[in-house]
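Colleague: After the sequence you'll find the predicted model.
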Amino acid sequence: MASYFVTGGTGFIGRAVVARLAAADREGTIYLLVRDASLPRFERVIADLGHELAPQVVPVAGDITVSGLGITPGDLPEHIDHVIHLAAVYDMEAPEDLQQLSNVEGTRNVLALAQRLGATMHHVSSLAVAGNHEGWFSESDFDVAQYFPTPYHRTKYEAERLVRESSVPWQIYRPSIVMGDSMTGAADKIDGPYYFFPFLRLMGTIPHHLHVPFANLGYTNVVPVDFVASAIVALVTAPATPGTVYHLADPKGQSMATIYEAIAPAFSGPKTLPVPSAPLGEFAARIGRRNELRALRDTVARQLGIPPSILDHPFYNTRFDSRATHEVLDRLGVALPNLKSYGPRLFRYWAEHLDPSRNRRDDPRAPSWASTSCSPAVPPGSAGRRRSRPCRRGRTSSSSPANRRTWPTPSCRSRPSPGCRAYPRASSAPTSAM
């Protein structure tokens, strides 16, 4: 019966790993490190596991940033077979000192615990260790004189270096950008390409039979969270191969045009027409390198709700070789879904659960004056008035014929005309399925 100690098990990737690990090893015991702030998320993990699998999970109070992880003596057995280290700061915009504390010092503390427990260290790193390396970067590559554009890149590199230089048996997993679940589209936050979804959606206003020029400015690499979790669990529970690095990435990578074409069916977006991208990519890269232009670019990005570091990512010409990893995963029965097969689900979940503007959309159940796209300024009987966009004549209070009632346009309020209907009396206010 194997035993596992998991950090970061209440996070986005961690929850998927814990669920699959419990199902894969029904006889195993999973000790899950839980911070005080993560207790609500731990309760969600247990609820998701259900009555059959939940008993396998044992919560252990602690924190990776504390020496010894702050674990009370006796909360862990003297020996554990596997330590799966997922806990880290995954936000490129987080303060550098926080990333240093969590990603580097936290990994140092987990390594010390793994050594004391006699465990194999399964370190979840990131393809960010490649920095801005030009060209192909394989599982065997690490120090290639790369430059680290953000503290996140640097701290992930330093954390992996600690693992590689330790005397603890280790396996390293480098996921690319992790998107939502390929079956449900579920994700827990906006990250990576999600920041561009509002702008890609605007192309849905263009007739879908047209072809729109679209420049491939560079490559990115995205994979669904269920693939990453399944791969980690399959590799952890397979016979150990200490000293091995795995790239949990798409072997071909993707351009933004590829990502757009994958999600476009969700909003009937038009097809793309490739255009020469080298001049545009070089121009954008120069903007990122010049301090005065970069400051302006970053200001505009923040106004649009986009972390400035995200804008640099498509212009890194790094391609990730994951052929060796996929050969192993093929033997273990883990396959990477095609992006086109699940892209629309990613967009729909984002639109329904993560889109910051989702609460400002029209609700067909509301009366016409409650619409954000076209409405009189106030409902009938309200004392105050505010400006609004003009509406088309003949807007109705409900899509139901029984409740259909026409309200006047703003121009009809001050000067009724034969083409306008006056507001009904308060006693005949419209009904709506609110």
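Modeller: Received, thanks.
Colleague: From here on, just use CA atoms for contacts and neighbour counts.
Modeller: OK.
Colleague: for stretch 341-348, what is the average pLDDT?
Modeller: The average pLDDT within stretch 341-348 is 96.
Colleague: Okay, helices next: where are they in the stretch 1-150 of the chain?
Modeller: Taking DSSP state H, counting those that start in this stretch as the criterion, the stretch 1-150 of the chain carries its helices at 12-24, 39-53, 96-99, 106-117.
Colleague: Out of the ones you listed, the one nearest residue 275 is which?
Modeller: helix 12-24 (36.2 Å; Cα to Cα).
Colleague: just checking, what packs against the closest one?
Modeller: Under the contact definition 3 or more Cα pairs under 8 Å, 6 or more residues apart in numbering; DSSP states H and E, helix 12-24 sits against helix 39-53, helix 225-237.
Colleague: Determine which stretch of those helices is the most buried.
Modeller: By mean neighbour count, with neighbours taken as mean count of other Cα atoms under 10 Å, helix 225-237 ranks first of these at a mean of 22.
Colleague: Need the CA coordinates for that helix. PDB is fine.
Modeller: In PDB, the C-alpha atoms belonging to helix 225-237 read as follows (Å, rounded to 0.1, in the frame of the first residue of the first chain):
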ATOM      1  CA  VAL A 225      -5.900  20.400 -16.800                       C
ATOM      2  CA  ASP A 226      -7.300  16.900 -17.000                       C
ATOM      3  CA  PHE A 227      -4.400  15.800 -19.300                       C
ATOM      4  CA  VAL A 228      -1.800  17.300 -16.900                       C
ATOM      5  CA  ALA A 229      -3.300  15.600 -13.800                       C
ATOM      6  CA  SER A 230      -3.700  12.300 -15.600                       C
ATOM      7  CA  ALA A 231      -0.200  12.400 -16.800                       C
ATOM      8  CA  ILE A 232       1.300  13.200 -13.400                       C
ATOM      9  CA  VAL A 233      -0.700  10.400 -11.700                       C
ATOM     10  CA  ALA A 234       0.200   7.900 -14.300                       C
ATOM     11  CA  LEU A 235       3.900   8.700 -14.000                       C
ATOM     12  CA  VAL A 236       3.900   8.800 -10.200                       C
ATOM     13  CA  THR A 237       2.200   5.400  -9.900                       C
END
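Colleague: could you say what helices and strands it packs with?
Modeller: Against helix 225-237 (3+ Cα pairs under 8 Å, 6+ apart) you get helix 12-24, strand 177-179, helix 323-332.
Colleague: Would you mind giving those as JSON lines with mean neighbour count added?
Modeller: Shown next, in JSON lines, are these (neighbours: other Cα atoms under 10 Å):
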{"stretch": "helix 12-24", "mean neighbour count": "21"}
{"stretch": "strand 177-179", "mean neighbour count": "23"}
{"stretch": "helix 323-332", "mean neighbour count": "16"}
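Colleague: Could I get these in TSV, plus columns for distance to residue 223 and mean pLDDT?
Modeller: Listed next are those as TSV, based on distance: least, Cα to Cα, whole Å; pLDDT from 0 to 100:
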stretch	distance to residue 223	mean pLDDT
helix 12-24	12	97
strand 177-179	5	95
helix 323-332	13	98
